[in-house]
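Visitor: 3D model of this:
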Amino acid sequence: MGFDESALARLRRYREDADRSLALIQDSEAMARRLSERLFAGLEYVSVLARQAGFEVDTEADAGTFTLLATAAPGAKARVTFGLVAGAAAETDEDLMHEDLSRYSLDPSGYSGRILGWSEAAGEDPCQTFAVYRDGVWKTKGLFVTGARGKVDDPEEVMNGFCLRILGRLIDLAAMTGGAGRRWSIEPYSLSDRLAGMAAPMETRFPR
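Guide: Numbers count the residues shown, from 1 in each chain. I've put the predicted structure just below:
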């Protein structure tokens, strides 16, 4: 076999491998997009129920993001924004890893798409992370839900119940019920920090 024939054979194998990898990655992205749609719809649904119960809950959806603002009383507010992240990659967080995979699995079949959540109360970094796999399995951990898993095609009652859990935590954060909310941090806070106008170190968390 000459060089051209050998090179073409190798390149065709590369093409097959690339097509397979891209298809698997696209599957993960599609599942993450589907979960985001169901998650956002569920949060909208439980927000309607919260308003009927006497809470002021505002929602805003735009280009793959969903913002939930809960007001328990004037000045007692909490907000969380969830956003679908473009792309898929090998999962490195063992708490979010698919049960059938390990941290040594780099094959795209183990890639996950992601949905992230941010809240001003928790700072700039994401406070909730969803990992979504191509077979529809999703796992999450963070401030609002310490740990949970499910399937993208779970029944509406299951998804709405999960969304109610998130909204309930947001209301807890707004009203600081059940020991939730801002707590004094063990970080040092000097007189010079106070005179410089720096905010006292606090952290946001829920009781275990």
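Visitor: given the helix or strand encompassing G83, what are its sheet partners and their directions?
Guide: For G83, the host element (DSSP states H and E) is strand 76-90. Next to strand 76-90 in the sheet, as set by DSSP bridges, lie strand 65-73 (antiparallel), strand 111-118 (antiparallel).
Visitor: pLDDT wise, what is the residue nearest to S109 when sequence neighbours are not counted at?
Guide: Distance criterion Cβ to Cβ, 6 or more residues apart in numbering; nearest residue to S109, sequence neighbours excluded, is L24 at 5.4 Å. Bear in mind the C-beta positions are built from the backbone N, C-alpha and C, glycine included. pLDDT for L24: 88.
Visitor: let's have the chain start at 14 instead
Guide: Sounds good: first residue 14 from here, last item L37.
Visitor: Three-state assignment for L37, please.
Guide: What DSSP: H, G, I helix; E, B strand; the rest coil gives for L37 is helix.
Visitor: so which residues of the protein form strands?
Guide: Ranges of strands in the chain, per DSSP state E, are 69-75, 78-86, 89-103, 124-131, 141-146, 150-155, 161-164, 194-197, 215-218.
Visitor: flag every buried residue along the third one.
Guide: This points to strand 89-103. Residues of strand 89-103 classed as buried: K90, A91, R92, V93, T94, F95, G96, L97, V98, A101, A102 (neighbour count, 16 or more other Cβ atoms under 10 Å).
Visitor: of these, closest to G210?
Guide: The shortest approach to G210 among the buried residues of strand 89-103 belongs to K90, at 23.2 Å (Cβ to Cβ).
Visitor: specify the beta-bridge partners of the closest one.
Guide: With DSSP bridges as the rule, K90 is bridged to T84.
Visitor: list the residues that contact it.
Guide: Contacts for K90 (Cβ atoms under 8 Å, 6 or more residues apart in numbering) come out as L82, A83, T84, A187.
Visitor: thinking again about what came up before, looking at the strands paired with strand 89-103, which is buried most?
Guide: Among those, strand 124-131 has the highest mean neighbour count (mean count of other Cβ atoms under 10 Å), at a mean of 24.
Visitor: please enumerate residues in contact with that strand?
Guide: Residues outside strand 124-131 that contact it (Cβ under 8 Å, 6+ apart): 37-38, 41-42, 44-46, 48-49, 52, 93-98, 100-104, 109, 111, 137-147, 155-157.
Visitor: are any of these buried, and if so which?
Guide: Taking 16+ other Cβ under 10 Å as the criterion, what is buried in the contacts of strand 124-131 is 37-38, 41-42, 44-46, 48-49, 52, 93-98, 101-102, 104, 109, 111, 139-147, 155-157.
Visitor: hang on, isn't A101 packed against A43?
Guide: No. In this structure, A101 is not within contact of A43 by Cβ atoms under 8 Å, at 9.6 Å.
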